[in-house]
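Participant: just need the structure, nothing else, for what follows:
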Amino acid sequence: MKRGKYIFIIILILFLTIYFFSSRITPQIENIAHKEINQFMQILINHTSFTQKIETKKLYKKENNTISFQMSYINDLATNYINNLEETLLKLEDGTYKKKDTSPYNKKLLHISKQQGIIARVPLGSLTNNIFLQNVGPSLSIKYKTLSLTSSNINKKIKNYGINHLAISIDLNITITLQVLVPLYHDHFKENYTIPLVYEIIEGEVPSWYQN
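Facilitator: Presented below is the predicted three-dimensional model:
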């Protein structure tokens, strides 16, 4: 009976220790994971390109001082970019990403692909806020799993620029949702990003109205 009692006490103490430890470091893990995932997405967005060349003249049409956006072509570009971005995310997660590029962005993506979606490894000591323990202890792997990638909307703006100019801008806004996988912490990462399609200054008479 005494042996069983001691084993129960040891298990209880161990459980309380793990619970206390996890409750203390979980907020820090969350902050670090969000920071690393966001940094990864910024790299990926900067590196992802449109598989078709953007032809500015096809984005809008100017006729009789009226600007009309060519939504069919704009939507095709948006779909093209999103598919390319989602395909890259899945390849990185599966470890099949093999794009050849000597840029620092691509080297980082190739490294992530080799680790099948592990964004970063954080030493356990770095969660203690002690400068002497920053690189001490086993590392926690921050990994992602793709959940969804959808275009939220396309922003189109026309503004007066100077006396007789117009500034036209078209941006693609996307919402990315990933599952963050870290020991002691699992959560969803959801963030909005803006990808500029075009920003152009048009000369000519400033129209009194325009149509979208």
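Participant: excluding covalently adjacent residues, which one is nearest to D187?
Facilitator: Counting by CB to CB, 6 or more residues apart in numbering, V180 is the residue found nearest to D187 once chain neighbours are left out, at 5.3 Å. Quick note: C-beta positions are derived from backbone N, CA and C, even for glycine.
Participant: list the residues that contact that neighbour.
Facilitator: 33-34, 37, 142-144, 186-189 (CB atoms under 8 Å, 6 or more residues apart in numbering).
Participant: are any of those residues buried, and which?
Facilitator: Buried by 16 or more other CB atoms under 10 Å: 33, 37, 142-144, 189, out of the contacts of V180.
Participant: show me the two of those that sit farthest apart.
Facilitator: The distance between the two most remote of those (CB to CB) is 11.4 Å, for K143 and F189.
Participant: and the most centrally placed residue in the chain, which of the three is it?
Facilitator: Closest residue to the average C-alpha location of the chain: M41 at 2.9 Å, with CA atoms, centre = their mean. Under DSSP: H, G, I helix; E, B strand; the rest coil, M41 falls in the helix class.
Participant: find the nearest non-adjacent residue to it, please.
Facilitator: With CB to CB, 6+ apart, the residue lying closest to M41 is I176, at 6.2 Å.
Participant: beta-bridge partners for the one you found, please?
Facilitator: Going by DSSP bridges, I176 is paired in beta bridges with L149, E191.
Participant: what do you get for the one 10 residues further on?
Facilitator: The bridge-partner assignment for H186, based on DSSP bridges, gives L181.
Participant: surely it touches Q179?
Facilitator: Yes - contact criterion CB atoms under 8 Å: H186 and Q179 qualify, at 7.1 Å.
Participant: pull out the buried residues from the helix or strand hosting E87.
Facilitator: E87 belongs to helix 71-94 when assigned by DSSP states H and E. Neighbour-count burial for helix 71-94, counted by 16+ other CB under 10 Å, picks out 74, 77-78, 81-82, 85-86, 88-89, 91-93.
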